[in-house]
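> Kindly generate the corresponding structure for this input.
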Amino acid sequence: MIHQFYAGLAPWLALSLLLLGRNPHPSRKRITGSLLLALVLLRIPVMDWSSYAWIRDVEANPSFILTALLAVALCRRVGGPSLFGPCDWKAAWIFGSAAALVLYPMGLGLTRFDSYELGWLPALPVATALIASTLLLGGNRFGIVLLLPLAGFFLHLQESRNFWDALVDPIYSGISLIVVLVTVFRKRTAPSQTPQCA
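I've put the predicted structure just below:
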């Protein structure tokens, strides 16, 4: 039951964001309606399965980082505090891209070493804790999000017992890679005067 509840959070958060649209100041009715409609849409049966069941069949273990980032974005969209600044989002996309490049090429058999095996060892959680501590000492709030996989993993909120699944998933990885590539392309074509992150 806990696994099902957790796995449903990311689809619900993402669908709620889509339904809210780009209106910078949605009304309370719009917010409430969007949140409830997202819940209803995930329960609609499609070929004897609910929409949520189909999503869960495709990705049963959304990463804790993806879920947290969706929650941060939704909090901002519904008029809550802006929990992340540009530097925090930058750290999130860089970490997602780096993790994707370490995990997926090796995990897909493009090298002799399978990096997915590291997820069964204590070294990966320790490395994650060190990265999170470094970010927090530098004042980057993504460090807080990076601590969530550690908590969620040890509380067994996911079905998977491999720590990689707590850190990254294909959706978070794909978005991160796209954002980083677009950012690099924009900087090369038109250097922007963005504030430097610590």
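
> and Val102, how many neighbours does it have?
Around Val102 there are 14 other residues, counting by other Cβ atoms under 10 Å. (Glycine included, C-beta is placed from N, CA and C.)

> wait, isn't it in contact with Asp114?
No: taking Cβ atoms under 8 Å as the definition, Val102 is not a contact partner of Asp114, at 11.5 Å.

> Where does the residue nearest the centre of the chain sit, in terms of helix or strand?
In the chain, the centroid-proximal residue (Cα atoms, centre = their mean) is Leu66; its distance is 1.2 Å. If you go by DSSP states H and E, Leu66 is part of helix 64-77.

> which residues in the protein form strands?
Counting by DSSP state E, the chain has strands at residues 45-46, 49-50.

> how far does the first one sit from the chain's center?
A distance of 26 Å separates the centroid of the chain from that of strand 45-46, by Cα atoms, centre = their mean, to the nearest Å.

> Run me through the strand neighbours of it, direction for each.
strand 49-50 (antiparallel) (DSSP bridges).

> Quick check: longest helix in the chain by residues?
If you go by DSSP state H, the chain has its longest helix at helix 86-107.

> Tell me which other helices or strands that one touches.
On a contact count with 3 or more Cβ pairs under 8 Å, 6 or more residues apart in numbering; DSSP states H and E, helix 86-107 meets helix 64-77, helix 142-154, helix 163-167, helix 170-189.

> Please identify the most buried of those helices.
Burial of the helices and strands packed on helix 86-107 is given as mean neighbour count (mean count of other Cβ atoms under 10 Å); helix 163-167 ranks first at a mean of 24.

> Tell me which other helices or strands that one touches.
The contact analysis (3+ Cβ pairs under 8 Å, 6+ apart) places helix 163-167 against helix 64-77, helix 86-107, helix 123-137, helix 142-154.

> how does it look with 7 Å?
Applying 3 or more Cβ pairs under 7 Å, 6 or more residues apart in numbering; DSSP states H and E, one finds that helix 163-167 contacts helix 123-137, helix 142-154.

> Alright, calling it a day.
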